[in-house]
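Trainee: Fold the following, please.
(5 chains, ligands or ions: 4)
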Amino acid sequence: GGDDGGSAGADDPIVVGVSLPLTGDFSEPGKGVQRGYEAWAKITNDKGGLLGRKVELKILDDQSNADRVVADYEQLIGKDNVDLVVGPFSTRLVVPAARVAEEYGMLFVEPAGAAKEVFEQGFKNLFYAAPAVANDHYNHLAEYVLALPSDQRPKTAAYAAMDDPFAQGTAYGLKEKLEAGGVRTVVDEVYPPNTTDFGSIAAKIAASKADMVVGGSQYQDGVNLIVALQQLKYQPKLAAFSTAPTNPEFAAAIGNKTEGILSPTGYTQDAKYPSNTEFVEKYAAQFGSPPEEDEANAYTTGQVVAAAVTAVGCAEQGECQKKLVEWVRTNTVETVVGPLSWDETGKPKGAHMIQQWVGGKIQIVLPAAAKETDLVYPKPAW
Amino acid sequence: MASEIELVDIQAGYGRAAPVLRGLTVSVPAGQIVCLVGPNGAGKSTVLKVASGLLKPRSGKILVGGVDVTGQGPQRMLASGVAHVLQGHSVFREMTVAENVLLGGYTLKDKALIAERTAFVKEVFPVVAQRWNSLAGLLSGGQQKQVEFARSLMVNPKVVLLDEPSMGLDPKATTTVFEQVVRMRDAGTAVLLVEQNARRALETADLGCVLDLGRVHISGPAPQLLADPQLGELYLGGRPAEPTAIPKR
Amino acid sequence: MVAVVLLAAAVLAFPSLAPNPYILSAGVVVLNYAVLSTSWSFVGGFTGYISLGHGALAGLGGYGTALLVTKAGLPSFVALAVAALLVAALAVPIGFAALRVRGASFVIVSIALVLILLLVFQSWASLTGGSRGLVVPRPFPDLLRPEHHRVFYYLFAGLLALALLAWWMIDRSRFGLGLKAIREDEDKAEALGTPTFAYKLVVFVVSAAFTALGGGLYALWFGDLDPVFQFSILTGSYLVLMALLGGVRNLFGPLVGALVVGIGLEYFKVEFGDTQLHLVATGLLLALVVLFMPDGVLPAIGSLLGRMRPAQNSIREVTAAELRDQRVAAAGAPAAREPVDAVASTAGERAQSTEERA
Amino acid sequence: MPSGALLLQSIILGLLLGGLYALLAAGLTLYFGIMRVVMIAHSAFLILAAYLAWWSHSRLGVDPLLSMIVTVPLFFACGVLLQRVLLARLRAVTLTMMSVLLTFAIAVLIEGLLGYVFTGTQRRIQLGYGSASFGIFGARVAVVKLIAFGLAAVALLTLYLLMKKTTFGWALRATIQHRDAARLVGIETERVAGYGFGLGLATAAVGGTALALDTTIYPSLHWHWIGPLMAIIVVGGLGSVPGSAMAAMVLGMLQSLLQIPLGTTWAQTIFYLALFATLAFRPQGFFGGRLAQRF
Amino acid sequence: MSERSEVPSLATDGLTKAFGGVVALDGATVEFRHGQVNALIGPNGSGKTTFFNCVTGMIRPDGGQVTYQGRDITGAAPHRIVRAGLGRTFQLCRVFPRMTALDNVLAAVRPVGLTGLLRGAHVRADLDRARGWLTRLGIEHLADVEARNMSWGQQKLLELAGVLMSDPETVLLDEPAGGVNPALLDRIGTLVRELNAEGRTFVIVEHNMDLVMSVSDHIVVFDRGRPIAEGPPSLIRSDERVLGAYLGV
Ligand SMILES: Nc1ncnc2c1ncn2[C@@H]1O[C@H](COP(=O)(O)OP(=O)(O)OP(=O)(O)O)[C@@H](O)[C@H]1O
Ligand SMILES: Nc1ncnc2c1ncn2[C@@H]1O[C@H](COP(=O)(O)OP(=O)(O)OP(=O)(O)O)[C@@H](O)[C@H]1O
Ligand SMILES: [Mg+2]
Ligand SMILES: [Mg+2]
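Mentor: Numbering: from 1, shown residues only, chains lettered A, B, ... in the order given. Ligands and ions are numbered 1, 2, ... in the order given. Below is the predicted model of the structure:
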């Protein structure tokens, strides 16, 4: 192919292409991912770049639309002739994007395709740069609940999950394990992503008087559901919601009635991995606030790609990509979320931590090895 | 006698098409009925639209009571005393007869006057009273026409422009309409009447005006026009022939 | 005719001129739009029934094809044809319900069609994969991606040619005239003996079949289906925008519209891509078209050219006297000709006398 | 079998929801049933109003209800302008069709601008009384939902009286049905049509504020509302304000009750099923109003 | 008149239709003979148009039967009835506004079978026939003008041309004279007689008594939804009930 995009050439920058949902439904997390990538590029360049070449990001907006994301990667690889590509945000967009990368033979490390379906497509070049896939997010919590003495253990559970592979995956991962352990499911609600009125769902959960409630939620629906539950004065013994409670605006959004709410997380700013300290510090300097999970995942993606490029010693389309893929598959990479390695489908082999709002602060409570404070159970009234 | 309404040297047309009226001049003296006749497409309706402000003329002048009102919209024209009854059907179809008639008095403020007029039109057109609360669009064609005419009787303008008021009316109602036209004239209103029922119209009218190709072709006292055999043949239709006289093949 | 040949040549030459696979894939997208909006204009153009729901028919075609390939194991293109037939069959009851209503109510029904299908395809996850989406196996698994685009480019071009041909045949036919009569005044058309409902239904089914073919082919090309994008009002509206922009009454109107809008969308995205301004631009474009070129670009150009010619007369250019003469001549009797001037002169005198009295 | 408490709770929720639907649909009835404009942008304006309420609350600290003092007149003026400047340009024969596209364009425009100014982030007003509620017969009624319901009731009643009891309502209908004839009886058709549209948008301002009290908003949310609202006005009978209010209450209630056995997604289909049933069996709507078939 | 006229062409038996409280047709039993020119007259709102609507399937009657040439056509779809040979015009004149006059007429051509459907719409033979009708109605000069740009009367004539193009055996005309210039009216009368001589049956609703009396063989008078008198013109002219109910003398 034409070399106008600038492969080879020792001085040319390494161009990393990515398409992100900067507008549309996923724009908010999309922007977070963008910041993460930008932080990675800056930190990398400040340290002299990769293989002595500067890293340059080429970011396109896919408008949260699968058609667009494909066109974007098509453009990045086919027209702009980028050296490397990294993944977009949201499972819905990762799969089509990965297919393009796959068919052009590109390495495809991605920060967001957490649902298990992503790994069932037979992709050979795809790697998820986070500790665990959605279904495994609650693993530590499941262990904890099932280990409780049987008189204290919740008997019934209510699940409400957004109809989205990721969000649903988190709730259903827990559901599967708890059901196997004898916790009865009394409510199992799935709501479309655009749901704004949670009154009826909350009514159903409240009426079931379930001992615990689990929300497979993203940010805003999680908030709405909690407010609706509070309006109905429902008081469970345990309440866990994915994504929402870790958001910095969460407490204000639900009127500070946060006490005891649980949430899984793949990333914490306080993690002691060496690269993380650097990341948090430099990120805060660049953007004025510490990084969140989306940012960290993007950064992790960059770290994985960088490790491969450094190890293999090349970064361009063609043969080089095969070597990069081979390297990632067979190695472990130290990242801001800890050491990562992958099985043959690209699925990471880790688990998420569990955090809880205790004393007006969200703190790690599980696993025991990483905990900052003890898990409070049963949860105080909200 | 002064003209109540006067159209002077009017050029008018629709959109960018060639003009329909080409230098037309008509005047209606107060208390007189002027009847416009002419073939289909001659521009009769267009004359009335220009006179009531629905269609802005490209050039020429419109005078009402001697005052230049060229370019005014229909609402202002109505305020100056010009009322227009459209050709075809212009009832408000999805409103009741009552609403239609009362809207005729939209510009009236005096409640008593409205009541008085309403009673009057109900008397003149029994169907209006009978169907007072039904939707106007569901009436028969002729009934709608009567409602329309009734609506225009709600106000008492200086000039009335009537576009084929008898179309679709049964003979009884036609008679009523012509009676009302005469009554208006007698009350001092100037009437510009367009009719295809040309003989009857000319018999009622004081002056006649034959329109062809967007110009006044001939005008003069109505009886004189009626008597003109050539006009009769061209514009008024020959005398009805006896059925047997029509050759059959 | 020359235009048709030139156009065909341009379309066919494009893949060899495209500098890279991305441009080629953009070409495929534009052709797909062209196919869909041409299919739309079978209904929207001929009968004037504006459907915002054609996106749903395309989605059905896509899902139908995908499911037939994955669940029934049919070969890709057999599945495509079968899916199109199925959608056409399904269009009969849909049309039966939807075409009973007219005007804006039909618009609402068409919107409802999209939304209800979206809900169904989202909820019925066991069949459709729900929000996880559905992956369509490649018809030519061995082709490299650029080759894949090229092949599909020609497939789409073929389908477009087929749709245009069908459109042209209907346009010039009596069937087409009947459909246009429906657009103008449905009751009147019925009263003239046109079986309006049958006509509408037939053309709706034809339109649905072509739309489904377009949607199915797209599914085979694209490979991933997601209910949110397959059943979207926005897609349906883009089709309307394209057809309208080009001119629904012209054979090439939707195609031109697809070119303009397709390229326009791409351009807006590149220009304002990282903000929502691309939506603003799309909205403005649509509004401008509706306000200033309601008949589309092609007719607007046509009338611009027409304006340079002298204005056409709408008034009848024959006087009653001439008409009388014609009539007499037609009746075969000797024309009792009398100079028209004579009438005119007397008329002049009389007119004067009226004015004097006034 | 759901418990009695859940049933009661669902009925209450359904009623409150139905009230909101009724308000949101009222404007549509006005444009669609009376003015023959298919106003796709109505729900976009709702969201715009909701954003303004959110903005004035979070940035200026004003209670969202107070923001209506500004938004209602503002929207009214907007509506007048919209009608006079844009819709009035459309040809009468193609008005219905073209208005679909024009208002669609406006909707997209608003969505784009909202996204540009406020980003695509989901927003929610955080009220002190956001999760407050009181109990009746064992069910709970959220205060914010009750406020929204009250707003809806007041706005609807005002609208109804305005249309039925004043000459404005007559003039508006006359204007739409035969513009020339309306001008000839002295109606200022341009002004009247403008006011009609303004009125519709004013209801959107109230509705949007009510909406913002208890839900999340984001720029593309309006798509979500178009379908149910359109269905409501058809089921209620085109052009009938009380009809659409009735339909809204019934459908809101049905949706709420159906969620118990069917879940959120399937329950939404009730709107479309009701729409199709209406067209099939009673095209003039179930609560009086005009024939949908011919229109 | 030929012996064919003894055969009933269009007949109704006890046709009933009520709209809410309004009884538009009240058990109308009427018979129109083949090969005659029939007139249907009656006061406004007496149910004439409703009668046409029921006969042509535009509205479904509440009760009663319509037979055409011995076949029961009650409740059949309008287009089927037209295809059986029954054509009609509308009182409120309906044309296809954005089509040219020529296309308006061509739209009435009835394609036969699939090949007929896909035949070109503008084939020579059809064009000639269409122009022929326009000429016979005196609007051939408007062939290429869009119908919406025509005057009321011109549209009326165009509509008639369209119906005739569809070549019906029986033609139902709803007020063909409404708004048509008297000079042309004679022509329409002549045309009706000519076509009648070619074997077409006519049923004409009309308020223009000159036309009715001159053209028809047989007159049916409606009042309040049912026939009150029928017979040849000479008889009807002097029938007292008719004079009272309709002519208002
Ligand atoms: N809206 C219009 N747009 C364009 N041309 C028009 C329009 N209305 C009428 N015309 C043309 O203007 C001419 C005059 O029309 P007008 O309606 O004034 O005739 P008229 O004398 O009233 O005829 P009629 O007796 O049939 O009602 C006609 O030739 C007609 O074709
Ligand atoms: N769709 C309808 N709904 C309600 N009433 C109707 C409807 N159509 C007609 N009517 C009523 O039925 C009666 C007969 O109407 P029709 O149109 O048949 O009268 P017509 O004899 O044609 O009168 P005209 O000479 O005025 O045209 C009228 O009183 C009319 O109001
Ligand atoms: Mg006229
Ligand atoms: Mg009638």
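
Trainee: where's residue 179, which helix or strand?
Mentor: In the absence of a named chain, this looks at chain A. Element membership for A:Glu179 (DSSP states H and E) is helix A:165-180.

Trainee: should've been chain B
Mentor: Going by DSSP H and E, B:Glu179 is in helix B:171-186.

Trainee: Quickly check: that helix near ligand 4 or not.
Mentor: No. For helix B:171-186, no contact with ligand 4 is found by C-beta under 5 Å from the ion; the gap never falls below 12.5 Å. For glycine as for every other residue, the C-beta is placed from the backbone atoms N, C-alpha and C.

Trainee: Name the residues of that helix that come out as buried.
Mentor: For helix B:171-186, the neighbour count (16 or more other C-beta atoms under 10 Å in any protein chain shown) marks B:Pro171, B:Lys172, B:Ala173, B:Thr174, B:Thr175, B:Thr176, B:Val177, B:Phe178, B:Gln180, B:Val181, B:Met184, B:Arg185 as buried.

Trainee: With stretch A:46-63 instead?
Mentor: A:Gly49, A:Leu50, A:Arg53, A:Val55, A:Glu56, A:Leu57, A:Lys58, A:Ile59, A:Leu60, A:Asp61, A:Asp62, A:Gln63.

Trainee: pLDDT check: weakest of the residues you listed?
Mentor: Among the buried residues of stretch A:46-63, A:Gln63 carries the weakest pLDDT, at 80.

Trainee: hmm, what's the outermost residue in chain E?
Mentor: Within chain E, E:Thr115 marks the point farthest from the mean C-alpha position, 30.1 Å out by C-alpha atoms, centre = their mean.

Trainee: hang on, the earlier thing: so of the buried residues of stretch A:46-63, which ones are in strands?
Mentor: A:Val55, A:Glu56, A:Leu57, A:Lys58, A:Ile59, A:Leu60, A:Asp61 (DSSP state E).

Trainee: From C:Glu184, how far out is the residue of chain C found nearest ligand 4?
Mentor: Going by C-beta to the ion, ligand 4 is nearest to C:Ala191 of chain C, at 14.8 Å. Distance of C:Ala191 to C:Glu184, given as C-beta to C-beta, to the nearest Å: 13 Å.

Trainee: neighbour count winner among these two?
Mentor: Shown here are C:Ala191 and C:Glu184; by other C-beta atoms under 10 Å in any protein chain shown, C:Ala191 has more neighbours (31 against 22).

Trainee: hmm, back to that, give me the mean pLDDT for the helix holding A:Glu179.
Mentor: Throughout helix A:165-180, pLDDT has a mean value of 91.

Trainee: List the buried residues in that helix.
Mentor: A:165-175, A:177-178.

Trainee: what mean pLDDT does the following helix or strand past that helix have?
Mentor: Scanning forward in sequence from helix A:165-180 by DSSP H and E, the next helix or strand is strand A:184-191. Strand A:184-191 carries an average pLDDT of 92.

Trainee: ok, now stretch E:178-192?
Mentor: pLDDT averaged over stretch E:178-192 gives 84.

Trainee: Out of the buried residues of helix B:171-186, which comes closest to chain C?
Mentor: Checking the buried residues of helix B:171-186 against chain C by C-beta to the nearest C-beta gives B:Arg185 as the nearest, at 16.3 Å.

Trainee: returning to what we had before: give me the distance from the helix or strand following the helix holding B:Glu179 to the chain's centre.
Mentor: Next along the chain after helix B:171-186, taking DSSP H and E as the criterion, comes strand B:190-194. Distance, stretch centre to chain centre, for strand B:190-194: 5 Å (C-alpha atoms, centre = their mean, to the nearest Å).
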